[in-house]
Structure formats: C-alpha cells, structure tokens
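Student: Just need the structure, nothing else, for what follows:
(one chain, ligands or ions: 2)
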Amino acid sequence: MDLHPPTPLPEGYLEFFQSLESWQNEQTIRLRNSFIHSKEDLSVRLQKNKKPLLSQINPNIDGDLLQNLLDGLLTFLETARPSVSEHVKKLKSNFKWLDFDNLVKAFLKPKESELVDTAKQLEIPEEFFIFVLDHALRPVLRLIAESYQEELANDFHWDIPAICPICGAKSHFSRLRQEDGQRIMFCDRCFSEWKTRYLFCVHCGCDHPNDISYLSVEGNDAYRVYVCKQCHGYLKTYDERTSGRQVDMYIANIGTIYLDMLAQEQGYTNHDGDYLL
Ligand SMILES: [Zn+2]
Ligand SMILES: [Zn+2]
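Tutor: Ligands and ions are numbered 1, 2, ... in the order given. Predicted structure coming up:
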C-alpha cells in the first residue's frame, strides 16, 4: 500500500492487521468446500424488514465451527499479540462450558448485553471478547456474503447505506470506482460492497452539493474524508481515479486512522453508536 500516513501508526499496528487478514483469508479458503449457505432472496428480505440479512435469518453457523475458528484465532494471537496472552489463556481454559451455538446467535442478532455478561463471567475485558468473536466469525461471514456479491453489484437499493446489508456491521469506508466514479461502500467484516450516491451523506441523506465536501492531506489526495455540514458526519473514501488503481480496502481503512483523527479534530463524527437496528 502506498500510504504514508502523516501521523504514524503505532509500531506493528498495520502489520498485525495484515497478518490477521491473511489468517482469515486462509480460513475462508479452507472452509469454501465444506460450509454451505442456502441462499436467500435478498431483495425480498430487505424490502420487507429493512434489516440486515443476517439479523433476519439463521445462517446455520454451527457452534463447533465457531469453537474451531476461535481456537485457531487465539493461537494466532498468542504469537501476534503476546500482550493479550493472559486473556487468551483464560478464554481457552473456559471453552468447555461455553455455549458456542448461543454465542453465534447472540453475536449476529446482535445481543451485545449477552456477550458482555459472558465476558464478565469469564473475567476478561468485553472489548477483547467481542473482538475475538467478531474476527473468528469473519471467514464464515465472508463466505456467506460471497453468495450475494453479484446481486449487490447490480440494481440494488438499500435504505441504510452506512450499515452493511448482509452482516449489519457499520461501514466507515467507501471507494470511488475508477471507471465512472461510482461510490461503493465497503464492509470490513464480511467484505460486501454496495453502491451509494457520490454527493450524498450516508448518515443523514443530505445531497445538497454545498453541504458535502472533503478533506485530505497534501500529497495523498486519493485518501479522503467526506464531511457533511448538515449532520457533521464523515465517511472515509479512497478515490481510484486519482491513483488509477485499486487497493486492499480492509488495510486502507486501518491505515487511514489519520483521516478519522483529522475529521474528529474538526468536529465531525462517524456517528458510531447512533445506529440501533
Ligand atoms: Zn458486512
Ligand atoms: Zn449528513
């Protein structure tokens, strides 16, 4: 990635997420032949309920599969993040009494309070517990999302553009497509992409050209943060037309934390926490 952030990231930060993504890619490839998702009629589901697909259906992710993925992720973390090894040990030693089927359901609903209660019982930080569940499930969520890729790329309309229509994660990043400047939202949890308008605030729907503008850092104009004067919301964006090429959106989102800082310093918010689905 050609990113030279003006505010340096903590040492090893980007590398950690790069190896985490590689681990997840390996799991996705490993599971591709064994995990089967019965495809739903996406448009019908979303039009009827206006809620992300995975909060409406039971995707049949077996508790054993989560246990297996979580075990692998924790082993990865033992080497990649030795600072969390105490939490890793504690969580692994409690595997025998955890209800993994229920954890999958609670994560997807989402019923965060249940996850927080379990973390308290395990005496591990709730952010750590939710982080590992989230990242352990991502390889399966990405396989499920692959089934809907084509549909999302075509004539698809979704009323809540800042939320992933498949897995329900909040999106913080979009790209402007090289061939036509079409804005495409990106979900870093399941890798879904869906279209939205260019001059449009994904938070409040404002589309007045005078109210939407962008900030960027000199010499790095392909990476921008679009801001809205109406709701003070912001959205990070990568413009493929400026650089003439695509980037790994997952890594670019992490590598552009300096844009979050820039926007927040100027009083803008990504509205995390305002979305209750
Ligand atoms: Zn998603
Ligand atoms: Zn807005």
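Student: Residue 123 and residue 210, how far apart?
Tutor: Using C-beta to C-beta, to the nearest Å, we find residue 123 at a distance of 53 Å from residue 210. From N, CA and C alone the C-beta is placed, and that goes for glycine too.
Student: So those two - more neighbours on which side?
Tutor: Higher neighbour count among residue 123 and residue 210: residue 123, with 10 against 7, using other C-beta atoms under 10 Å.
Student: helix/strand/coil for the closest residue to residue 257 other than its chain neighbours?
Tutor: Nearest residue to residue 257 in three dimensions, chain neighbours excluded: residue 9, at 6.4 Å (C-beta to C-beta, 6 or more residues apart in numbering). At residue 9, secondary structure determined by DSSP: H, G, I helix; E, B strand; the rest coil is coil.
Student: just checking, residue 9 touches residue 260?
Tutor: No - taking C-beta atoms under 8 Å as the definition, residue 9 is not a contact partner of residue 260, at 11.7 Å.
Student: can you pull out the strands in this structure?
Tutor: Applying DSSP state E to the chain gives strands spanning 173-176, 183-186, 193-196, 212-216, 223-228, 234-239.
Student: Partner strands of the first one and their direction?
Tutor: So the one you mean is strand 173-176. Here strand 173-176 is paired, per DSSP bridges, with strand 183-186 (antiparallel), strand 234-239 (parallel).
Student: what about those, which gets the closest to residue 133?
Tutor: Closest of the strands paired with strand 173-176 to residue 133 is strand 183-186, at 21.4 Å (criterion: C-beta to C-beta).
Student: still on that earlier bit, nearest to ligand 1, of the strands paired with strand 173-176?
Tutor: Closest approach to ligand 1 among the strands paired with strand 173-176 (C-beta to the ion): strand 183-186, 9.0 Å.
Student: Quick one: mean pLDDT over that closest one.
Tutor: Across strand 183-186, the average pLDDT comes to 97.
Student: near ligand 1 at all, that strand?
Tutor: No - using C-beta under 5 Å from the ion, no contact is recorded between strand 183-186 and ligand 1, whose separation bottoms out at 9.0 Å.
Student: same deal with stretch 138-153?
Tutor: No - residues of stretch 138-153 contacting ligand 1 under C-beta under 5 Å from the ion: none, with a closest distance of 6.1 Å.
Student: Please point out which parts of that stretch sit buried.
Tutor: Along stretch 138-153, these residues count as buried under the neighbour rule (16 or more other C-beta atoms under 10 Å): 138, 139, 140, 141, 142, 143, 144, 145, 146, 148, 152.
Student: Not including adjacent chain positions, what is the nearest residue to the first one?
Tutor: I take that to be residue 138. Using C-beta to C-beta, 6+ apart and skipping residues adjacent in sequence, the residue nearest residue 138 is residue 24, 5.3 Å away.
Student: which residues sit in contact with that neighbour?
Tutor: By C-beta atoms under 8 Å, 6 or more residues apart in numbering, the contact list for residue 24 reads 135, 138, 139, 142.
Student: Go ahead and confirm the first one touches residue 74.
Tutor: What that stands for is residue 135. No - the pair residue 135 / residue 74 is not scored as a contact, 10.3 Å apart, by C-beta under 8 Å.
Student: what ranges do the helices span in the stretch 151-277 of the chain?
Tutor: Listed in chain order, the helices found in the stretch 151-277 of the chain under DSSP state H, counting those that start in this stretch are 240-243, 249-255, 257-265.
Student: Now render those helices as TSV, adding distance to ligand 2.
Tutor: Putting the helices of the stretch 151-277 of the chain into TSV (distance: least, C-beta to the ion, whole Å) gives the following:
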stretch	distance to ligand 2
helix 240-243	23
helix 249-255	20
helix 257-265	13
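Student: Of all those helices, which one is nearest residue 215?
Tutor: Taking C-beta to C-beta as the criterion, residue 215 comes closest to helix 257-265 out of the helices of the stretch 151-277 of the chain, the separation being 5.8 Å.
Student: And the closest one, what's buried?
Tutor: Buried residues in helix 257-265, defined by neighbour count with 16+ other C-beta under 10 Å: 257, 258, 259, 260, 262, 263.
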